[in-house]
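Colleague: how does the following fold in three dimensions:
(one chain, ligands or ions: 1)
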Amino acid sequence: MALSCGLIGMPAVGKSTFFKLLTGADISIGTYADHANIKIANIPDKRIDWLTKLFEPKKTTFAQLEIIDIPGLQGSGNSREFLSRVDQVDALVHVVRAFREDQVFHIDGSVNPMRDLDTVNSELLLADLQLVETRIERINAAKKRTAEQEKELKVMERLQETLENEQRVATVELNADEQELLQHVHFLTDKPMIVVINLDEEQLSQGYAKETEIKKYCGDMGLRVLEICAKVEMEINELPAEERVEFLQDMGIEETGIVRLAEVIYDTLGLISFLTVGTDEVRAWPIDKGLTARQAAGKIHSDIARGFIRAEVVSFQDFHQAGSMDAVKEKGQFRLEDKDYIVHDGDIVSFRFNI
Ligand SMILES: Nc1ncnc2c1ncn2[C@@H]1O[C@H](COP(=O)(O)OP(=O)(O)OP(=O)(O)O)[C@@H](O)[C@H]1O
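Modeller: Numbers count the residues shown, from 1 in each chain. I've put the predicted structure just below:
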């Protein structure tokens, strides 16, 4: 099952616009959306584009993620529903409005990215603090504490202090023992989160005054920040492919904000891709960093993992430089790896198996 990423933020900050850009979904973009949209996004991958040109396969499959457009947080009225939706996703993209546009209302009457950042973060921090406090109360109410409860209490007290200092659970270093203890507790501020500052065209071209302040705030919280102008991205999206390249060159940028965002989400989720090639299909397979060849084989089919013999591996970079499998073999860059080989991002793999 694909991992999921939820778009969150205040109402009318551009979440549906980013959702549409990431998933290519044709949904109506409104300022009063009251439902969550879920769609699959392909993760753009230049390696897959290149391999597709070379192999001309019947089918090309990109790595995929589920993207969920979570309705805007508007005061405490819908906060319970908001928090339960946040609880269900693997990562978050927090869209913050910096763009100035009189036609688009702001729920608090003015555009203030720092205030919005803080409002949403506080909601998440508070939900986690309540969870910690409930668990502490439960342990304290026990007549006699087990050794396990003693350990949990110590960790919970550390988390409580962190959250009271407005720091995220993700910033707390836990040893393996403590991690196991918390395995079944879901903290919202433990989820990877990326902050996207949605700029207007002028802020994009002339620089954005609040940049330093926001970056410092996010840096202190351990959050990655991207600055993107959703309006310009929509315009780029409507251009034919050839004109798009030209447009980006004119702007002096290599990638659109959306491609960068998709890559950062993928990376933040701890995912890498191994690749399979052939005339039937060229495909990127998402796996967690650190998986072995046999575990990676299991992502394709459990039979391949069970009957695993060897993995034939060449790195995309070597293949790209050499230009063909024969050239790769001549250069001695074609490897046979066993089941414990740790698969790397961009490994082109073919599994030998026997069942
Ligand atoms: N960078 C930008 N510059 C100017 N206008 C923008 C920008 N980004 C989004 N908008 C406009 O802001 C409005 C709100 O955007 P959108 O519907 O995507 O927000 P939302 O966060 O999904 O809202 P809701 O929470 O109500 O669903 C739209 O009219 C959109 O075109």
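
Colleague: Provide a list of residues in contact with residue 24.
Modeller: 41-42 (C-beta atoms under 8 Å, 6 or more residues apart in numbering). C-beta coordinates here come from the backbone N, C-alpha and C atoms, glycine included.

Colleague: any idea of the pLDDT on it?
Modeller: We note a pLDDT of 80 for residue 24 in this prediction.

Colleague: how far away is it from residue 64?
Modeller: 12 Å (C-beta to C-beta, to the nearest Å).

Colleague: residue 237 now?
Modeller: 19 Å.

Colleague: what sits in contact with each of residue 24 and residue 64?
Modeller: Common neighbours of residue 24 and residue 64 (C-beta under 8 Å, 6+ apart) are 41-42.

Colleague: which residues of the stretch 201-350 of the chain lie near the ligand?
Modeller: 229-231 (C-beta under 6 Å from any ligand atom).

Colleague: neighbour-wise, which one of the residues you listed leads?
Modeller: Neighbour counts for those (other C-beta atoms under 10 Å) peak at residue 230, which has 25 neighbours.

Colleague: dump the residue contacts of it.
Modeller: Shown in contact with residue 230 (C-beta under 8 Å, 6+ apart): 14, 17-18, 21, 99, 198.

Colleague: residue 237 and residue 64: which is more packed in?
Modeller: residue 64 (16 against 13).

Colleague: quick one: pLDDT of the more buried one?
Modeller: For residue 64, pLDDT reads 91.

Colleague: what residues are up against it?
Modeller: Per C-beta under 8 Å, 6+ apart, neighbours of residue 64: 2, 40-43, 286.

Colleague: give me the buried entries from those residues.
Modeller: 41-43, 286 (16 or more other C-beta atoms under 10 Å).

Colleague: about what we covered before: ok, the contacts of residue 64 vs the ligand, which is closest?
Modeller: residue 41 (15.8 Å; C-beta to the nearest ligand atom).

Colleague: surely that closest one touches residue 68?
Modeller: No. Residue 41 is beyond contact range of residue 68, at 10.4 Å (criterion: C-beta atoms under 8 Å).

Colleague: pLDDT check: weakest of the contacts of residue 64?
Modeller: Where pLDDT dips furthest among those: residue 2, at 76.

Colleague: for that one, list the residues it contacts.
Modeller: With C-beta under 8 Å, 6+ apart, residue 2 has these contacts: 40, 64-66, 286.

Colleague: among these, which are in strands?
Modeller: 40, 64-66, 286 (DSSP state E).

Colleague: make JSON lines out of the residues you listed and add distance to residue 263.
Modeller: What follows is the ones in strands among the contacts of residue 2, written out as JSON lines (distance: C-beta to C-beta, whole Å):
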{"residue": "40", "distance to residue 263": "17"}
{"residue": "64", "distance to residue 263": "14"}
{"residue": "65", "distance to residue 263": "11"}
{"residue": "66", "distance to residue 263": "17"}
{"residue": "286", "distance to residue 263": "13"}
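
Colleague: separation between residue 118 and the ligand?
Modeller: 17 Å (C-beta to the nearest ligand atom, to the nearest Å).

Colleague: rounded mean pLDDT for the helix or strand containing that residue, please.
Modeller: Using DSSP states H and E, residue 118 maps to helix 113-141. Per-residue pLDDT values over helix 113-141 give a mean of 93.

Colleague: who touches the helix or strand that that helix is followed by?
Modeller: Next helix or strand after helix 113-141 toward the C-terminus (DSSP H and E): helix 147-164. Applying C-beta under 8 Å, 6+ apart, the contact partners of helix 147-164 are 125, 128-129, 132-133, 135-136, 139-140, 142, 145, 168-169, 171-172, 174, 177-178, 181-182, 187, 189.

Colleague: drop anything exposed from the residues you listed.
Modeller: 125, 128-129, 132, 135-136, 139, 168-169, 172, 178, 181-182, 187, 189.

Colleague: related to what we said a few turns ago, ok, the ones in strands among the contacts of residue 2 vs residue 254, which is closest?
Modeller: residue 65 (21.8 Å; C-beta to C-beta).

Colleague: and the closest one, what are its bridge partners?
Modeller: residue 41 (DSSP bridges).

Colleague: ditto for residue 226
Modeller: residue 196.

Colleague: list the contacts for the nearest residue to residue 117 once chain neighbours are set aside?
Modeller: Nearest non-adjacent residue to residue 117, counting by C-beta to C-beta, 6 or more residues apart in numbering: residue 96, 5.5 Å away. Residues in contact with residue 96, defined by C-beta under 8 Å, 6+ apart, are 9-10, 13, 113, 116-117, 195-198, 214.

Colleague: over to residue 95?
Modeller: 7-9, 13-15, 18, 196, 198.

Colleague: in a strand, it, correct?
Modeller: Yes. Under DSSP: H, G, I helix; E, B strand; the rest coil, residue 95 sits within a strand.
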